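# structure of the sequence below:
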Amino acid sequence: MPTARWNDTVIAQSDDTVVVEGNHYFPADSIVAEYFEDSATHSHCPWKGEASYKTIVVDGKRNADAAWYYPDPKPKAAEIKDRFAFWKGVAVK
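Below you'll find the model as predicted:
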């Protein structure tokens, strides 16, 4: 089962990930909400749309903008709506 870990802690786990461009997108209900804080950061992908970010906080350590998601993706990326992907040292296996 795909599992996302940061700081030796499981932050997401699901059998229902969608892989796009090599990234596993986890359903919103599979993330451990207590480890995520809202971020004001956004970025734009020409074919997916505008991404929003979350900061991961585990045991007082912060990984700014290490999770991203598309709350309103373009039609070609509809399958990743409200799913979370990770980078910045988050291991997904």
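# what's near enough to touch K54?
Contact analysis of K54 by Cβ atoms under 8 Å, 6 or more residues apart in numbering lists 36-39, 65-69, 84. Placement of C-beta: from N, CA and C, glycine included.
# again, only using 6 Å
Taking Cβ atoms under 6 Å, 6 or more residues apart in numbering, we find K54 in contact with 36, 39, 67.
# the strands in the chain, which residues?
Counting by DSSP state E, the chain has strands at residues 3-6, 9-13, 18-20, 23-27, 36-45, 49-58, 61-69, 83-86, 91-92.
# of those strands, which is nearest P75?
Counting by Cβ to Cβ, P75 lies closest to strand 49-58 out of the strands of the chain; the figure is 9.3 Å.
# for the contacts of K54, which one is nearest K48?
Among these, A67 lies closest to K48 (Cβ to Cβ), at 15.2 Å.
# the closest residue in space to the closest one that isn't next to it in sequence pairs with what?
Excluding its sequence neighbours, the residue lying closest to A67 (Cβ to Cβ, 6 or more residues apart in numbering) is K54, at 4.3 Å. When assigned by DSSP bridges, K54 has beta-bridge partners D38, A67.
# distance of K54 relative to D82?
Distance, K54 to D82, using Cβ to Cβ, to the nearest Å: 12 Å.
# now the buried members of the contacts of K54.
Buried members of these, counted by 16 or more other Cβ atoms under 10 Å: 36, 67.
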